[in-house]
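Undergrad: my questions concern the predicted model and sequence given below.
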Amino acid sequence: MSLRFSVKSGISLLPVIYLLLAAQATEAKNSEDIRCKCICPPYKDIEGQIYNQNVSLKDCNCLHVVEPMPVEGKDVEAYCLRCECKYEERSSGTIKVTIIIYLSVLGLLLLYMVYLTLLEPMLKRRLFGHSQLIQSDDDVGDQQPFANAHDVLSRSRSRTNMLNKVEHAQQRWRRQVQEQRKSVFDRHVVLS
């Protein structure tokens, strides 16, 4: 019951999250979404550095991005020619939506794992009875490995066509295995 409540509350939050992200996407671009990145290699006695600045595409060059300028006078032009500047643009709204979807899927998988580890064994015990699920190794014989599973399935309340098909396939398989055992061990004939 708590699993359904969590999933329903998570699903009901999705429209709210969507509206918040849509409102944010309609606003002007965030200054953190655009930047100019200049990579300047070492020059004379100055170490190489990386400079980032929030500027437009037309201002994405060494003169507008590199502040403070490490060289003076005539060396500025030589220094800037060695720098490689790239304009980068990203969508923080898309990144946020992707992260929210990823975390939602991860949360649903976590809830499903909790269901499989905690709730499902309790439901099986309640449905089939505690004594049928726990058996000692002595009770299970090599001759009939599916005997107890067949009893549990036959006592279940609702049988679907799929369970009947599986049961018939298991019975057919058992007959084939018994026939092969008879042929190999009793008659010493190998089936081809």
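TA: Now that the structure is in, tell me what you want to look at.
Undergrad: quick one, domains of the chain?
TA: 2-16+95-127, 34-89, 135-186 (automatic domain parsing).
Undergrad: can you list those in JSON lines and add mean pLDDT and mean neighbour count?
TA: Glycine gets a C-beta too; all of them are placed from N, C-alpha and C. Converted to JSON lines, the domains of the chain look like this (pLDDT from 0 to 100; neighbours: other Cβ atoms under 10 Å):
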{"stretch": "domain 2-16+95-127", "mean pLDDT": "78", "mean neighbour count": "11"}
{"stretch": "domain 34-89", "mean pLDDT": "91", "mean neighbour count": "14"}
{"stretch": "domain 135-186", "mean pLDDT": "66", "mean neighbour count": "11"}
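Undergrad: show me where this structure has its helices.
TA: With helices called from DSSP state H, the chain shows them at 2-26, 62-65, 75-82, 92-114, 120-128, 130-133, 147-155, 161-181.
Undergrad: what helices or strands is the last one leaning on?
TA: By that I understand helix 161-181. helix 147-155 (3 or more Cβ pairs under 8 Å, 6 or more residues apart in numbering; DSSP states H and E).
Undergrad: try it again with 6 Å
TA: Helices and strands touching helix 161-181, as assessed by 3 or more Cβ pairs under 6 Å, 6 or more residues apart in numbering; DSSP states H and E, are absent.
Undergrad: contacting residues for the closest residue in space to residue 66 that isn't next to it in sequence?
TA: Among residues not flanking residue 66 along the chain, residue 51 sits closest, at 5.0 Å (Cβ to Cβ, 6 or more residues apart in numbering). Shown in contact with residue 51 (Cβ atoms under 6 Å, 6 or more residues apart in numbering): 38, 65, 66.
Undergrad: now tabulate those in a markdown table and tack on distance to residue 174.
TA: Listed next are the contacts of residue 51 as a markdown table, based on distance: Cβ to Cβ, whole Å:
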| residue | distance to residue 174 |
| --- | --- |
| 38 | 75 |
| 65 | 77 |
| 66 | 80 |
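Undergrad: quick one: which of those residues is nearest residue 84?
TA: Within the contacts of residue 51, distances to residue 84 taken as Cβ to Cβ reach their minimum at residue 38, with 6.9 Å.
Undergrad: that closest one reaches residue 65, doesn't it?
TA: Yes - at 4.6 Å, residue 38 counts as touching residue 65 under the criterion of Cβ atoms under 6 Å.
Undergrad: ok so, going back, tell me how far the residue nearest to residue 66 lies from residue 81.
TA: Counting by Cβ to Cβ, to the nearest Å, the gap from residue 51 to residue 81 is 15 Å.
Undergrad: likewise residue 107?
TA: Distance, residue 107 to residue 81, by Cβ to Cβ: 52 Å.
Undergrad: how about residue 67?
TA: 18 Å.
Undergrad: same question, residue 121
TA: Taking Cβ to Cβ, one finds residue 121 at 70 Å from residue 81.
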